[in-house]
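Asks: after the sequence you'll find the predicted model.
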There are 2 protein chains.
Amino acid sequence: MKLSIVLSTHAAKFQAVAYKGDFEQNTAKIASYGYDGVEPAVRDPSLVDHDSLIATVAKHGLEIPAIGTGQAWGEEHLSFTDPDPEVRQQAVDRIASHVPLAKAAGAVIIIGLVRGIIQNGVSESQAREWMYSGFKTCVEIAGSEGVRIVFEPLNRYETPLLNTAKESLELIDRVGADNLGLLLDTFHMNIEEPSIEESIKTCGDRIFHFHVADSNRWYPGAGHLDFRRILEVLFSTGYSGYVSGEFLAVPDADVAAQKAIDHLRGLGL
Amino acid sequence: MKLSIVLSTHAAKFQAVAYKGDFEQNTAKIASYGYDGVEPAVRDPSLVDHDSLIATVAKHGLEIPAIGTGQAWGEEHLSFTDPDPEVRQQAVDRIASHVPLAKAAGAVIIIGLVRGIIQNGVSESQAREWMYSGFKTCVEIAGSEGVRIVFEPLNRYETPLLNTAKESLELIDRVGADNLGLLLDTFHMNIEEPSIEESIKTCGDRIFHFHVADSNRWYPGAGHLDFRRILEVLFSTGYSGYVSGEFLAVPDADVAAQKAIDHLRGLGL
């Protein structure tokens, strides 16, 4: 099992990113704990030296399976579903600007909250059309460079758009592109999926990336999810990608990162 | 097992109340499905004819184990933790105004979101002190009439105040009154408790009321919670109160109510 963990390239508000702050120092710690990769959360790729980021990770023997983009929503409120067409365009442009970094790193690009919410005065059907357009455009741009895009079903409290595996597969069908897939996250699945295991089976080879946090969004092992059963089902679909930790820095980032890898390696999968 | 279900005495916004609208018609349906009680959600008891409400429920052979108060927050934004002392007083007065109805009905009074959230400009410690004062006063008023108050730990997305059984027990200890207890809700516990079963055991005889919804807040049986195991542990604590359904009206209120009772009665507990 290849394990990675989310870390931010800049200080960020999003609480489920355990590591914020100094990128190289954190990368070194993550490598020392035995992880195989890091998943950088990058608000704006133009503010990051791509070569330096990739070299820093490689220097510590790690890979970059995926790049998170949600801080563009969290810090700048860019989304595919903003009523302002300029903001929608900025959101698409921002995702497009991740393509060179993702290509160089061999990473997928994650679309989380950049899809947005249903804002005041916007109908649900309008929001869904704007969201579809945003995905369609980004997937085409990424596809032309051989880069894959994943989006993450999030629980109902974070957005009403794309909560479940079922509606996510419908969007994937509608976009109709091989380079669009899913990032499933166990914390969100625990709230939204009738059966975590059945939903993983249904998504099958459309799962391009996988996040783990326990039921309380702490490190795996701190809640009541059965990671042995969940990961056995995941691997039974033929999934050979990364299992990436996105959880709260509780009691702190270092302890959480170590507890997570102890628990997951301890499964012997 | 005594089963009840939440219904509103008036049309209400709160989506997890399956039944809204005509009270007598809904009470008759609930009785016809085999429930033993109804749990009215009452925004303002002064707008309800107490004798008529109690007589309507009794006419259909049902009991009233608990009365919900959360619409005072949902519709009027009354809370113990509002920065305006007049609003805090109104929230306490509103809970106090439930005491005669609760006494006549033999019901506990539920404090859900009337405890409030941490509002802008209010420190967490200040919010917690106001919340404590609100509870203390309401519990004393209710206690003088022999009425019990319960509060419900809610998940982090609804309020940062009182998410877990652990912090709830600390508040109960601090208030130090026999008539203050817990309402545990399986939907919230699935997100917040490291182990649902262990938390039930820890709360023990302080559990005065119990809500069921499945992991996705649909009717029990629609998600991945193991209600046999959960309820066996609940009853092993000596709990002899109601198991009350508070879930979304999905696919609609009638189907949800019938599916819930089929699933729960089918456990043979």
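Replies: That came through fine.
Asks: and stretch A:87-103, how far from the chain's centre?
Replies: Relative to its parent chain, stretch A:87-103 has a centroid offset of 15 Å by C-alpha atoms, centre = their mean, to the nearest Å.
Asks: buried residues, it. List them.
Replies: A:87-88, A:90-92, A:94-99, A:101-102 (16 or more other C-beta atoms under 10 Å in any protein chain shown). No exception for glycine: its C-beta is placed from N, CA and C like everyone else's.
Asks: how long is stretch A:170-181 end to end?
Replies: 11 Å (C-alpha to C-alpha, to the nearest Å).
Asks: returning to what we had before: which of the buried residues of stretch A:87-103 fall within helices?
Replies: Of those, the ones assigned to helices by DSSP state H are A:87-88, A:90-92, A:94-97, A:99, A:101-102.
Asks: tell me which parts of the stretch 51-200 of chain A are close to chain B?
Replies: Residues of the stretch 51-200 of chain A found near chain B (C-beta under 8 Å from any C-beta of the partner chain) are A:157, A:190-196.
Asks: one more pass at 10 Å, please.
Replies: For the stretch 51-200 of chain A, the residues in contact with chain B (C-beta under 10 Å from any C-beta of the partner chain) are A:155-158, A:163-164, A:187, A:189-198.
Asks: quick check: residue A:166 touching residue A:189?
Replies: No. Residue A:166 sits out of contact with residue A:189 when judged by C-beta atoms under 10 Å, with a separation of 11.8 Å.
Asks: comparing those two, which residue is more hemmed in?
Replies: residue A:189 (25 against 14; other C-beta atoms under 10 Å in any protein chain shown).
Asks: can you pull the phi/psi pair for that one?
Replies: phi -60, psi -40 (degrees, to the nearest 10).
Asks: what do you get for the one 5 residues further on?
Replies: Note on residue A:194: backbone dihedrals following degrees, to the nearest 10 are phi -60, psi -40.
Asks: which residues does it contact?
Replies: With contact set as C-beta atoms under 10 Å, 6 or more residues apart in numbering or on different chains, residue A:194 has these partners: A:164-166, B:214-216, B:218, B:221-224.
Asks: give me the buried subset of those.
Replies: Buried among those by 16+ other C-beta under 10 Å: A:164-165, B:214-216, B:218, B:221-224.
Asks: now, the most widely separated pair of those residues?
Replies: Farthest-apart pair in the buried ones among the contacts of residue A:194 is A:165 and B:221; separation 19.4 Å (C-beta to C-beta).
Asks: give the contact list for the residue in the stretch 101-250 of chain A that chain B sits nearest to.
Replies: Relative to chain B, the nearest point of the stretch 101-250 of chain A is residue A:157 (3.7 Å; C-beta to the nearest C-beta). Taking C-beta under 10 Å, 6+ apart, we find residue A:157 in contact with A:163, A:188, A:191, B:155-158, B:191.
Asks: could you measure from residue A:208 over to residue A:107?
Replies: 11 Å (C-beta to C-beta, to the nearest Å).
Asks: shared neighbours, these two?
Replies: Jointly contacting residue A:208 and residue A:107 under the rule C-beta under 10 Å, 6+ apart are A:65-66, A:148, A:242.
Asks: nearest residue to residue A:180 in space, please, no chain neighbours.
Replies: Spatial nearest neighbour of residue A:180, chain neighbours left out: residue A:139 (4.8 Å); criterion: C-beta to C-beta, 6 or more residues apart in numbering or on different chains.
Asks: what about that neighbour, neighbour count?
Replies: Using other C-beta under 10 Å: residue A:139 sits among 24 other residues.
Asks: what secondary structure does it sit in?
Replies: Look at residue A:139: counting by DSSP: H, G, I helix; E, B strand; the rest coil, its state is helix.
Asks: right, and it touches residue A:108 too?
Replies: No. If you go by C-beta under 10 Å, residue A:139 and residue A:108 don't touch, sitting 11.6 Å apart.
Asks: return every residue with contacts to both of those two.
Replies: Common neighbours of residue A:139 and residue A:108 (C-beta under 10 Å, 6+ apart) are A:147-149, A:179.
Asks: by neighbours, which of those wins?
Replies: residue A:149 (27 neighbours).
Asks: list the contacts of residue A:36.
Replies: Counting by C-beta under 10 Å, 6+ apart, residue A:36 touches A:1-5, A:30, A:61-63, A:65, A:242-244, A:261.
Asks: farthest pair within these?
Replies: Spatial extent of these (C-beta to C-beta) is set by the pair A:61 and A:243 at 17.8 Å.
Asks: between these two, which has more neighbouring residues?
Replies: residue A:243 (27 against 10).
Asks: by contact count, what packs against the host helix or strand of the more buried one?
Replies: Assigned by DSSP states H and E, residue A:243 belongs to strand A:242-245. Applying 3 or more C-beta pairs under 10 Å, 6 or more residues apart in numbering or on different chains; DSSP states H and E, one finds that strand A:242-245 contacts strand A:2-8, strand A:37-41, strand A:207-212, helix A:227-236, helix A:253-265.
Asks: quick check, distance from the very next helix or strand once past the second one to the centre of its chain.
Replies: Okay, so that is strand A:37-41. With elements assigned by DSSP H and E, the helix or strand that comes after strand A:37-41 is helix A:50-59. Relative to the centre of its chain, helix A:50-59 is centred 20 Å away, using C-alpha atoms, centre = their mean.
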